[in-house]
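**Student:** Here is my input, please return the structure:
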Amino acid sequence: LAPEHGEVHRARLAGISPVIAINPCIVSASEETDVDWEACLSLPGLHGLVRRPKRVCVRFTTLTGDTREVECSGYGARVFQHEMAHLDGGLFIDELVEAGPGLVLESELHHYIEEEDLEQE
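**Tutor:** This is a model prediction of the structure:
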């Protein structure tokens, strides 16, 4: 149900803890951010580093018509923001960090992840 697949409905199913969010919007986002690797089914085999807020508060309508407001953090916040970008016509490549390696092929990703792990030790 996303624009990259020819459908323009604002509903999304995220595979973390399945939630159907109709007309979702981000109400607030933390100033604290995190940079992590993202990929997308729209661009198979490509990965990139993206900076996103660590926490977001999202509002949406449920299938029963109720309005819900939910706080997401960590991976859940990242996934929600990634999917919201699709609903707005964007992709993760629009948000790549400038100092990062750019787009990385999946077959080369291990080189970058190993380097990051060594730098953190």
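
**Student:** which strand is the longest one in this protein?
**Tutor:** Counting by DSSP state E, the longest strand found in the chain is strand 19-29.

**Student:** Pairing partners for that one, with directions?
**Tutor:** Sheet pairing of strand 19-29 (DSSP bridges) gives strand 11-14 (antiparallel), strand 55-61 (antiparallel).

**Student:** between whichever helix or strand comes after the last one and strand 19-29, how many degrees?
**Tutor:** What that stands for is strand 55-61. Per DSSP states H and E, the first helix or strand lying C-terminal to strand 55-61 is strand 67-73. Angle, strand 67-73 to strand 19-29, by axes from the mean of the first three to the mean of the last three C-alpha atoms, to 10 degrees: 70 degrees.

**Student:** which helices and strands does the next helix or strand after strand 67-73 pack with?
**Tutor:** The helix or strand immediately downstream of strand 67-73 is helix 74-87, counting by DSSP H and E. Applying 3 or more C-beta pairs under 8 Å, 6 or more residues apart in numbering; DSSP states H and E, we find helix 74-87 packed against strand 11-14, strand 19-29, strand 33-39, strand 46-53, strand 55-61. For every residue, glycine as well, the C-beta is placed using N, CA and C.

**Student:** Need those strands in JSON lines (columns: distance to G90, mean pLDDT and mean neighbour count).
**Tutor:** Shown next, in JSON lines, are these (distance: least, C-beta to C-beta, whole Å; pLDDT from 0 to 100; neighbours: other C-beta atoms under 10 Å):
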{"stretch": "strand 11-14", "distance to G90": "13", "mean pLDDT": "51", "mean neighbour count": "16"}
{"stretch": "strand 19-29", "distance to G90": "13", "mean pLDDT": "92", "mean neighbour count": "16"}
{"stretch": "strand 33-39", "distance to G90": "12", "mean pLDDT": "95", "mean neighbour count": "15"}
{"stretch": "strand 46-53", "distance to G90": "11", "mean pLDDT": "96", "mean neighbour count": "19"}
{"stretch": "strand 55-61", "distance to G90": "16", "mean pLDDT": "96", "mean neighbour count": "18"}
